[in-house]
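# below are the sequence and a predicted model; questions follow.
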Amino acid sequence: MTAPLSRTAPARRLPGRREGEGHLAMLLFSALVAGSFSLGARVADVVDPVAFTALRFWVAALVIGAGLGVTGELRLPRAPWRHGVLGVLYALYFVLMFEGLKTAPPVAASAVFTLTPIMAAGFGWLLLRQRFTPRLAAGLALGGAGALWVIFRADLGALLALDLGRGEAIYLGGCVAHALYTPLVARLNRGEGAAEFSLGVVLAGALLLTVLGAPRILATDWAALPALAWITLFYVAVFASAATMVLLQFAALRLPSAKVMAYTYLVPAWVLLWEEALGAAPPPALVLLGVAMTGAALLILLRPERG
């Protein structure tokens, strides 16, 4: 079990091995999250975002709950209000993401996602007094620059002409919720394992969306949805919800919030790979420079902080 962080004391530096585990978890997290942008954009117009997110949460809860049941770790949550708070943020993020993808291209949406590290760093300082060191700032800045280079496919003119569209603006609100979610995990966890704590959060989100979105859920013609919608549902429920939630909880208990969210800088590069796999045109060779920059930023962040 991981000891809960004190509500008043600053977050302590964690052992290097545990930090390494957190970094590996977030590397996998970034690859899995990227798929939800590419697949989600292709079905965003055929199903209501609230109804779709509610169903994905129920499926994710079944997957996590089944895993806990097999290992004998399934038990009633303590202080369920904590899961409710996090469930609201988690549901808000996914609903706004899916709504934003109706008009925002996958790569543009992933560009918005790269704003979460700096927001997470701010929330981490406010809630946990986690340090925002010069080296961490340099790593985040380098990663952000590399991500933008990837996002705009090495086109400086496209970068300078950045115009936040309606879909991107909607998704930005979800990214604020995501950035706040990360330090709150460490603040509200009371020693539960990643999967156990995740189950409470995803159940809270599922219940919230089911109650508030009941009319939309009932109005959806589930039988008429195309096969790609069900493939996307399976992917986002199992890999982009259940798996990534556990990975995020796991990493948030081992790394400062800014480092956890720094892995979002890899998402645009993963999105480009997803888009190419799904038939989109390959990026220019110069885009690899941005990928190298994000890799260098992560190497900076992998080094343990001193003091």
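Yes, it's here. All figures in this text were calculated on a predicted structure; none of them were measured in a lab.

# poorly predicted segments of this structure, please.
Confidence mapping of the chain against pLDDT under 70 gives the ranges 1-17, 132, 153, 161-164, 302, 304-307.

# could you pick out the longest helix of it?
Scanning the chain for the helix with the most residues, using DSSP state H, yields helix 16-43.

# packing partners for that helix?
For helix 16-43, the contact count by 3 or more Cβ pairs under 8 Å, 6 or more residues apart in numbering; DSSP states H and E identifies helix 81-100, helix 106-113, helix 227-237, helix 244-252, helix 257-262, helix 267-277, helix 287-302 as packing neighbours. The way it works is simple: take the backbone N, C-alpha and C, and place the C-beta from them, glycine included.

# isn't Gly65 right up against Gly200?
No. Between Gly65 and Gly200 there is no contact under Cβ atoms under 8 Å: 10.4 Å.

# what about those two, which has more around it?
For the pair Gly65 and Gly200, the greater number of neighbours falls to Gly200 (22 against 16), based on other Cβ atoms under 10 Å.

# now do the more buried one against Glu192, distance only.
Separation of Gly200 from Glu192 (Cβ to Cβ, to the nearest Å) stands at 8 Å.

# which residues do the two both contact?
Between them, Gly200 and Glu192 share the neighbouring residues Pro77, with contact defined by Cβ atoms under 8 Å, 6 or more residues apart in numbering.

# contacting residues around the closest residue in space to Ala204 that isn't next to it in sequence?
Across the structure, with Cβ to Cβ, 6 or more residues apart in numbering as the measure, the residue nearest Ala204 apart from its sequence neighbours is Gly87 (2.8 Å). With contacts taken as Cβ under 8 Å, 6+ apart, Gly87 has the following neighbours: 200-208.

# change it to 10 Å
By Cβ atoms under 10 Å, 6 or more residues apart in numbering, the contact list for Gly87 reads 57, 80, 181, 200-209.
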